[in-house]
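Enquirer: Model the following, please.
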Amino acid sequence: MPKACLFAVIAICVAGCASTSGTAGNEAPPEWFEQRQAELAREGFPELGRVPTVPAATPEETPENLANSKTAKAVAIRRKTALRLAMLKDPRADPVTLTPEEILEWGNELKAKLSGKPAPADFLSDQEVASLRAKFDRPRARR
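Expert: Here you go, the predicted model:
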């Protein structure tokens, strides 16, 4: 009897795996998938390809040429300047347009929205903590 049950379970598992394996690769993505990808691209999630990086090393920047400290310093300054310019050209580097007063007003609006929320739960009083400690504070067994 146990062999028959084992055979039935194995047959059901094999049939289930066979029926699902053929359909996974043939299905097209849902129609909303491409639309959602376009929305995410417009929201400005940065891709690694769009993140400013240090420019690639030029041929004169070989380790042998960089052994001279003056050459290495000049190369480092050039690379640092190039990275700084690349970051400043990025649209996310634009200065903030809000004044301090507008920022304070925005913060006050958020505080007003939160003021209607319930207060956090009260913690135990010192007297309650002491009574709990007295209940559970027992001498430990010694060997």
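
Enquirer: Would you mind checking which helix or strand in the chain has the lowest mean pLDDT?
Expert: In the chain, no helix or strand scores lower on mean pLDDT, DSSP states H and E than helix 2-21, which sits at a mean of 69.

Enquirer: Quick check: Ala72 vs Arg79, distance?
Expert: If you measure Ala72 against Arg79 using Cβ to Cβ, to the nearest Å, the figure is 11 Å. Glycine gets a C-beta too; all of them are placed from N, C-alpha and C.

Enquirer: do you know how far Leu110 is from Pro100?
Expert: Computed as Cβ to Cβ, the Leu110 to Pro100 distance reads 16 Å.

Enquirer: likewise Ala74?
Expert: 41 Å.

Enquirer: Please apply the same query to Pro30.
Expert: The spacing between Pro30 and Pro100, counted by Cβ to Cβ, is 47 Å.

Enquirer: Check Glu31 too.
Expert: In terms of Cβ to Cβ, Glu31 sits 47 Å off from Pro100.

Enquirer: so Leu98, which of the three states?
Expert: What DSSP: H, G, I helix; E, B strand; the rest coil gives for Leu98 is coil.

Enquirer: what helix or strand does the residue nearest to it when sequence neighbours are not counted sit in?
Expert: Excluding the flanking residues, the one nearest Leu98 by Cβ to Cβ, 6 or more residues apart in numbering is Trp106, at 7.5 Å. Using DSSP states H and E, Trp106 sits within helix 100-115.

Enquirer: And Ala28, by the same measure?
Expert: Using DSSP H and E, Ala28 sits in no helix or strand.

Enquirer: Could you check how far Glu39 is from Ala112?
Expert: Taking Cβ to Cβ as the measure, Glu39 falls 31 Å from Ala112.

Enquirer: where does the protein have low pLDDT?
Expert: Along the chain, the parts satisfying pLDDT under 70 run over 1-5, 17-26, 42-66, 119-121, 143.

Enquirer: Tell me which of Ala74 and Pro100 has more neighbours.
Expert: Neighbour count, other Cβ atoms under 10 Å: between Ala74 and Pro100, Ala74 has more, with 13 against 8.
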